[in-house]
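**Student:** Build the 3D model from these lines:
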Amino acid sequence: MSEYRCFFCNKTISADNIKRRVRCIYCGSKIIFKSRSTNTKVKAR
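**Tutor:** Okay, the predicted model is just below:
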């Protein structure tokens, strides 16, 4: 499941809340971004 974050208050917002409205449910900001996962590189032997 996708996870979004508010740019101003940095709180996590579920994807269900984004579908209904494009504002942060905590502070009302319109700037919301999808956090990316970090990739780890593994060296081949």
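
**Student:** any idea which helix or strand carries residue 16?
**Tutor:** Secondary structure assigned from DSSP states H and E places residue 16 in helix 15-20.

**Student:** Just the mean pLDDT for stretch 21-29, thanks.
**Tutor:** The average pLDDT for stretch 21-29 rounds to 87.

**Student:** Identify each buried residue in it, please.
**Tutor:** Applying a neighbour-count criterion of 16 or more other CB atoms under 10 Å, the buried positions in stretch 21-29 are 23, 24. The way it works is simple: take the backbone N, C-alpha and C, and place the C-beta from them, glycine included.

**Student:** can I get the CA coordinates of that stretch in CSV?
**Tutor:** Provided in CSV are the C-alpha atoms of stretch 21-29 (Å, rounded to 0.1, in the frame of the first residue of the first chain):
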residue,chain,number,x,y,z
ARG,A,21,-9.3,14.9,-0.9
VAL,A,22,-5.9,16.3,-1.8
ARG,A,23,-5.1,18.0,1.5
CYS,A,24,-3.3,17.0,4.6
ILE,A,25,-5.9,15.8,7.2
TYR,A,26,-3.7,17.2,10.0
CYS,A,27,-2.6,20.7,8.9
GLY,A,28,-4.6,21.3,5.7
SER,A,29,-1.5,21.7,3.4
